[in-house]
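[1] make a model of this:
(one chain, ligands or ions: 1)
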Amino acid sequence: MRNIPIAVPCIGQEEVEAVREVLMSGWLTQGPRVKAFERAFAVRHRVEHALATTSCTTALHLALASLGIGPGDEVVVPAFTWIATANVVTHLGATPVFADVCRDTYNIDAAQLSGLITPRTKAVIVVHLFGLCADMEAVRKAVPPGIPIIEDAACAAGASYHGVPAGALGTIGCFSFHPRKSITCGEGGMLTTNDAAIAARAEILRNHGASIPEEVRHAGLRPWEMPDFDVAGYNYRMTDMQAAVGLVQLGRLDGFIAERQKLAALYDKLLAQIEWIRPPKVPTGYGHAWQAYVTLIDKDKSPLDQNSVLARLAEKGIGGRAGTHAVTRLGAYRGRSNAIQGGFPVADELDAWTMALPLHNKMTESDVEYVVEVLKGL
Ligand SMILES: *Cc1c(COP(=O)(O)O)cnc(C)c1O
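    This is a model prediction of the structure:
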């Protein structure tokens, strides 16, 4: 029987060597490798500033903290996303206000925004789910000027929207390097922005609030002199070991995407033979990064429910998963409603009926054919 996991990191000798070099260098935490990773990431995503963090969650937290968001403020987030998108709002004492999503793209429904934005709204977080950018033009039209748009680009390294890279589409972008994402360094994140003042605030908050970063102080003339700490910051520094891996992975990003794109196209073609599975939609002008290949099961035509389909795939060695969850169905946020009547019907449907099929850079076309054959037999 085959074993086709949902995702596997693609790590080679070059990553191993890069880590060894850092381990032997005498500088392990945020240092020269982090700087190099940040610069390369900024160039690839066409932004002025990139700041490495410990995860996308901490990058999002830093983004909101850098905007001064706190108690009494509201931040609009999509209802269908990883829970971290909402949690960072909660952590700052602000309130996440949930928007339903579009059934075809799984991303935030911009038509809901005008009904959700109040005088308390301090930011809108859009998610580029599974590597497909949100409809930024519609979002920009619906969000009053002055309210920053934050991109949760956890899944969207290398994605683009009408030629503009993810991370350069809003006021701030936040990426993830968790092993489930397009490129990985174990855990890690990146905050991107073209706003120098936001970048400066985020840099200070990332390092305990220190007015001078450690690596600058230690390389300076009087490294024994403690800087001032003007704000109560966090420790969200990435290690140089992670950055060394991230830098190599970033060099492989476009190759990874091209490979996954080919596998996704094959899935699209073969799944057309199964009437109860809808392949993911890619509107024209969008460069999908294919972090995941997420289908929608037609609940009226499917022979089985979502978990039963996933269980049957597992019996055949195939790692299928739900797309992601409706945050509004989880204990931490259950029962939240918004100003729009009727709850979150699309997020609820996607929660119950999306299905991610295996997609990663160690898969072959024959693996894709096998997955589709198994699905046909259900
Ligand atoms: C994975 C993910 C996150 C969290 O990323 P971490 O790096 O694990 O903190 C946040 N938002 C979305 C949409 C994600 O898919």
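[2] what is the burial count for the closest residue to Asp152 other than its chain neighbours?
    Excluding its sequence neighbours, the residue lying closest to Asp152 (Cβ to Cβ, 6 or more residues apart in numbering) is Val127, at 4.2 Å. All C-beta spots, glycine's among them, are computed from the backbone N, C-alpha and C. When neighbours are counted by other Cβ atoms under 10 Å, Val127 registers 27.
[3] ok, Pro9 next?
    Neighbours of Pro9 (other Cβ under 10 Å): 19.
[4] how about it, what does it touch?
    Pro179, Thr184 (Cβ atoms under 8 Å, 6 or more residues apart in numbering).
[5] try it again with 10 Å
    By Cβ atoms under 10 Å, 6 or more residues apart in numbering, the residues touching Pro9 are 15, 177-181, 183-186, 245, 249, 360-362.
[6] distance check, it against Ser182.
    Applying Cβ to Cβ, to the nearest Å, the value for Pro9 to Ser182 is 11 Å.
[7] mutual contacts of the two, please.
    In contact with both Pro9 and Ser182: Gln249, His360, Asn361, using Cβ under 10 Å, 6+ apart.
[8] double-check that the first one belongs to a helix.
    What that stands for is Gln249. Yes. According to DSSP: H, G, I helix; E, B strand; the rest coil, Gln249 belongs to a helix.
[9] average pLDDT for stretch 260-269?
    Regarding stretch 260-269, the rounded mean pLDDT is 98.
[10] wait, stretch 100-114
    97.
[11] any idea how far that stretch is from the chain center?
    17 Å (Cα atoms, centre = their mean, to the nearest Å).
[12] elements contacting the helix or strand of the chain with the lowest mean pLDDT?
    One helix or strand of the chain scores below all others by mean pLDDT, DSSP states H and E: helix 214-219, with a mean of 86. Where contact means 3 or more Cβ pairs under 10 Å, 6 or more residues apart in numbering; DSSP states H and E, helix 214-219 is packed against helix 32-44.
[13] can you pull the buried residues of the helix it packs on?
    Arg33, Val34, Ala36, Phe37, Glu38, Ala40, Phe41, Ala42, Arg44 (16 or more other Cβ atoms under 10 Å).
[14] the last one is in contact with Gly246, isn't it?
    Think Arg44. No. With contact defined as Cβ atoms under 10 Å, Arg44 does not count as touching Gly246 (11.5 Å).
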